[in-house]
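Q: need a 3D model of the sequence below.
(chains A and B)
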There are 2 protein chains.
Amino acid sequence: MPKIVNHDERRRLLAEAAWRIIRREGLEAVSVRNVAKESGMSLGSLRHYFVTQDELLAFSMRLVSERAGERIRSMTFSDAPRCNAELLIGELLPLDEERRAEAEVWLAFVGGSVAASARELKLKVHNELYECFRGLVHYLSEHNLLKKGVDLELESKRLHAMVDGLVVHHILHPEELTPEEMMRLVTYHLDTLLV
Amino acid sequence: MPKIVNHDERRRLLAEAAWRIIRREGLEAVSVRNVAKESGMSLGSLRHYFVTQDELLAFSMRLVSERAGERIRSMTFSDAPRCNAELLIGELLPLDEERRAEAEVWLAFVGGSVAASARELKLKVHNELYECFRGLVHYLSEHNLLKKGVDLELESKRLHAMVDGLVVHHILHPEELTPEEMMRLVTYHLDTLLV
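A: Residues are numbered from 1 along each chain as shown, chains lettered A, B, ... in the order given. Predicted coordinates:
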């Protein structure tokens, strides 16, 4: 009888192994070989999930995207729209070690050379994030909180660009653009938008 | 008599060769081997300038940084501060094929894993750009063009983050965030800042 493999379970084990390495030794330490060792799986079995370093990075990116999505879906919002906005934006910024590791994966993935398969995932991640910001700006607008003359589409794009720019700058220069400083900028930005 | 090598001249030849490949075939095509072939230099001679793919990327990044610096230094400014602001920000955005190639090198370099030597160059490029935006915000302030309550430091950081975010988004999704759309966002952003 052929061995029945539970691919979802295997995938979860590999994802956890990859994540432990990223958190413990940094993104550079994540190799196909290291993930095999950490997960106790053979290189042969791993080949069902990724073969090259690029595929492993895409695998890690999918993991980051799922983690962030789950976190956002399980957030508890109050009836104070402005607080909710800060909470949601904060969730997308690398404010702690865990999300900093996620942001590093994102930046490495986005900056990496574009294989056709990776390109699709890049756009997916990008579009999901944009929808998040667009939803937020519309939510603030529906609560009549935006100043007069604010353009919903341009504000969504501007907020998305600013947040991704902050992520890049924090990864580059964490001592200068600290989590507190990022949130100060988010608060400042919301001050300019909201009545 | 030992052969006298003009390193600056060699460096220029290699830079031009690397740049021709980037423009013609994209960043992924730039390998140590391809640069040797394109420049007509031997792999052995090349080793004085870079050995690994990472070093070649750092070499390309230095080139991009020099090119942008030279362009900015040679810009002609008018006596209309707002136009000058748009002109300068536009110079830092990937509005044409040439600057798009530069932005791709930047993103690949920034997203790449951090070797100690690359880290220094990353911070240098980052700080030079920040000084550009800081200088611009102060210039607008000195001409009494900023709205009341505008915080010079936060505005410099916000503008820097927004512009770098736009660069990332354009590289990811050039059909959606077109050059025209980027400049529309810059104009919109300046509208919110200026009296």
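
Q: need the contact list for the residue of chain A found nearest chain B.
A: Nearest to chain B, among the residues of chain A, is A:G111, at 1.8 Å (C-beta to the nearest C-beta). (Glycine included, C-beta is placed from N, CA and C.) A:G111 makes contact with B:107-112, according to C-beta atoms under 8 Å, 6 or more residues apart in numbering or on different chains.

Q: what does chain A put close to chain B?
A: Residues of chain A lying near chain B by C-beta under 8 Å from any C-beta of the partner chain: A:27-28, A:107-114, A:122-123, A:126, A:151, A:154, A:157-158, A:160-166, A:168-169, A:172-173, A:177, A:181, A:184-185, A:188-189, A:192.

Q: neighbours around A:N144, how many?
A: The local packing of A:N144 (other C-beta atoms under 10 Å in any protein chain shown) involves 8 other residues.

Q: list the contacts for it?
A: Going by C-beta under 8 Å, 6+ apart, the list of residues near A:N144 reads A:V195.

Q: next one: the helix ranked longest in chain A to chain centre, how far?
A: The helix spanning the most residues in chain A, taking DSSP state H as the definition, is helix A:116-142. Its chain's C-alpha centre and that of helix A:116-142 lie 11 Å apart, by C-alpha atoms, centre = their mean, to the nearest Å.

Q: that older thread, now render the contacts of A:G111 as JSON lines, adding pLDDT and secondary structure.
A: As requested, those are exported to JSON lines (pLDDT from 0 to 100; DSSP: H, G, I helix; E, B strand; the rest coil):
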{"residue": "B:L107", "pLDDT": "90", "secondary structure": "helix"}
{"residue": "B:A108", "pLDDT": "85", "secondary structure": "helix"}
{"residue": "B:F109", "pLDDT": "86", "secondary structure": "helix"}
{"residue": "B:V110", "pLDDT": "87", "secondary structure": "helix"}
{"residue": "B:G111", "pLDDT": "83", "secondary structure": "helix"}
{"residue": "B:G112", "pLDDT": "75", "secondary structure": "coil"}
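
Q: out of these, which end up buried?
A: By neighbour count, with 16 or more other C-beta atoms under 10 Å in any protein chain shown, these hold B:107-112 as buried.

Q: for the nearest residue to A:V51 once chain neighbours are set aside, give its distance to B:R100.
A: Of all residues not flanking A:V51 in the chain, A:V32 sits nearest, at 7.1 Å (C-beta to C-beta, 6 or more residues apart in numbering or on different chains). A:V32 is 32 Å from B:R100, where distance means C-beta to C-beta, to the nearest Å.

Q: ok, now A:E175?
A: 31 Å.

Q: higher neighbour count, these two?
A: Set A:E175 next to B:R100 and count neighbours by other C-beta under 10 Å: B:R100 wins out with 17 against 6.

Q: check contacts around the residue nearest to that one when sequence neighbours are not counted.
A: Of all residues not flanking B:R100 in the chain, B:P94 sits nearest, at 4.1 Å (C-beta to C-beta, 6+ apart). Contact partners of B:P94, counting by C-beta under 8 Å, 6+ apart, are B:100, B:102-103, B:167, B:170-171, B:179, B:182.

Q: where along chain A do the helices fall?
A: Using DSSP H, helices in chain A cover A:7-25, A:32-39, A:43-46, A:53-73, A:81-91, A:97-111, A:116-142, A:152-172, A:179-193.
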